[in-house]
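Asker: Structure for the following, please:
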Amino acid sequence: MLDCYGPILDRPVICEDFEHKYPIILKMYNEELDKSKVIYDNQMRSCETSENKPPLHKNLPEVAGALKWAKELRMRLEKPMASFKHIEHPVMQTEDAATIFNKYEEMMELLGKYEVKVYESWTADVDDVCSVNLNQPLVVRNKETNLISVNFDPKLVAVLREVKYLTIREEEKIPDSAAVIYAKHETLRQYNANLDLTVQWYNKVRETVLEVEFPLIESQLAEIDTQLEKAENSLNWNQEEVWEYIQKTRDHVQDLEKRVQKSKDNIESIKKIMEEWSKVALFERKENKTDSLLSLEDRESKITKRYNEITVAGEKIHALVKENLDLFKADASSDIWKAYVDFLDDMVVDGFFNCIHCSLNFLLENTNTKSLAPLFEARLELQVPDMVFQPSLDYGIADGFYDLVEMLVSDIYKMASLVKRLAEHSGAEHYQTDLEDMMELSDMRQEMMDRVQTIMNKAQEYRNSFDSYAYLWVDDRQEFMRQFLLYNHVLTTEEIEAHAEDGVPECPPTLEQFKEQVF
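Answerer: Okay, here's the model as predicted:
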């Protein structure tokens, strides 16, 4: 304010009005000095209690941040003081003004000592940090986990950051050792970035490789380990051939990681292909309505469609397995490859298990006693002289209800025969035999057929309940009427034999007997 309006203070009226404000300005600056001292004291206490790590600017390293803090506090006091020194007024000769100047000099001295202390504390160790750490091997290996890590000391990273920000300040002399390292910081960053990728890929392979996959890449991993021995034992950050070595090792490790990851992606693709098989049962109710019967009119088209889908999926699975053979650079006749194929073969068996389980479970859920709507339909028809079910519910009848359900179950199992066996060395052509031998599926199949037999027995009992009325459609109606009018009932075989010589005596029906037959 004094700098801006200083020239107009020479005007008598303004000068007179401003006269009593000089002591107030001195008081305000004195308070600012006191506040700055409090800030400084708090910062020093923070250094003591936080192991020399006071609050810093965001993203600034420790030393540069501390020096930045001191500079900002210094500037907070220096600018007003520069203006005070140009004031020509008796108040500047008072004892209060002298006290303010002494406080200012004291703060400048404290800040200066703090800056020197921070800087000298850093430079005392920087030579050792630079010389020792750059002579360390590029990577280190954990003997327990066999994983590796980049051997670039965080202290060295801290030195590079400090030099970067101190160079921007242009106030402190950078130690020669730190300046030399910083001169090639871009090269070191390049080394670090590429080694980080190499370490990341290598460790990923080590940590994610399956037990059955490891033998397939064991020799390739051993080659990489042999190549890494140089980085673990002899190569350091100062040697000229480091970059060429890092590039070669990075490419080698990346190639293996990409191939292993691609093989894992192929396995996930196989799983997703098989998941499609068990999303929907092979046979469902008409239009998927809960009160509809099982859709059998389009049975053949449904079977054809599903079988084609599984056949195509099987070809894709075989193609993915063939690709994995190339990715692992394996020998198809080797035992380790056969073991890997057995692993994939078991996955396909599990896929077909879920597929068949889905369809069988649909039949069981919709034929239990809690099901609200019937799944199958059989009509009881009178075909004189017999009452028959359509389809037939009698045992041993071709194309009967039992055969129908058995054919549906066979159609479900047949899905497992549509994919050629991955493990050709097993001697099996496809997977159906394995699925038929599975106890859980066999139990489901048996339970379904037991339900069919139970309902067939109940249906036959129901049909037999009409036997007492069979005469209505079995006997000759005219003959029945003749015998009734002559004998008031139909003659039995015993009666006819007993009166074979003289004939059965006639006994016309009574009125009551007529009524009984009518009603």
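
Asker: what about the residue nearest the centre of the chain, distance to residue 339?
Answerer: Taking CA atoms, centre = their mean as the criterion, residue 268 is the residue nearest the geometric centre of the chain, at 11.5 Å. Taking CB to CB, to the nearest Å as the measure, residue 268 falls 20 Å from residue 339. From N, CA and C alone the C-beta is placed, and that goes for glycine too.

Asker: ok so, going back, ok but the residue nearest to the centre of the chain is inside a helix, no?
Answerer: Yes: checked against DSSP: H, G, I helix; E, B strand; the rest coil, residue 268 lies within a helix.

Asker: sec struct for the nearest residue to residue 100 once chain neighbours are set aside, please.
Answerer: With sequence-adjacent residues excluded and distances taken as CB to CB, 6 or more residues apart in numbering, residue 100 is closest to residue 30, at 5.3 Å. Put simply, residue 30 is helix when judged by three-state DSSP.

Asker: quick one: residue 30 from residue 39, how far?
Answerer: 15 Å.

Asker: What of residue 69?
Answerer: 9 Å.

Asker: Between those two, tell me which one has more neighbours.
Answerer: Neighbour comparison, residue 69 and residue 39: the larger count goes to residue 69, with 22 against 13 (by other CB atoms under 10 Å).

Asker: what about the more buried one, distance to residue 114?
Answerer: For residue 69, the distance to residue 114 - CB to CB - is 9 Å.

Asker: Verify the contact between residue 348 and residue 318 for me.
Answerer: No: the pair residue 348 / residue 318 is not scored as a contact, 10.2 Å apart, by CB atoms under 8 Å.

Asker: of these two, who's got more company?
Answerer: Using other CB under 10 Å as the criterion, residue 348 and residue 318 rank with residue 348 on top: 24 against 14.

Asker: and the more buried one, what element?
Answerer: Per DSSP states H and E: residue 348 is located in helix 335-365.

Asker: Downstream of that helix, the next helix or strand is which one?
Answerer: As the chain continues past helix 335-365, the following element, by DSSP H and E, is strand 379-383.

Asker: Give me the contact list for that following strand.
Answerer: Contacts with strand 379-383, where a contact means CB atoms under 8 Å, 6 or more residues apart in numbering, come from 387-390, 459, 462-463, 473.

Asker: Specify the next element, helix or strand, located C-terminal of that strand.
Answerer: Going down the chain from strand 379-383, the next helix or strand is strand 386-390, by DSSP H and E.

Asker: next structured bit after that next one?
Answerer: Next element after strand 386-390 (DSSP H and E): helix 401-414.

Asker: Do me a favour and average the pLDDT over that following helix.
Answerer: Helix 401-414 comes out with an average pLDDT of 91.

Asker: Please apply the same query to stretch 295-312.
Answerer: 91.

Asker: my guess is residue 61 meets residue 162, correct?
Answerer: Yes: the criterion here is CB under 8 Å, and residue 61 meets it with residue 162 at 5.0 Å.

Asker: Looking at these two, which one has more neighbours?
Answerer: Taking other CB under 10 Å, residue 61 and residue 162 do not tie; residue 162 has more neighbours (24 against 21).

Asker: Show the model's pLDDT score for the more buried one.
Answerer: 70.

Asker: Fine, thanks again, bye for now.
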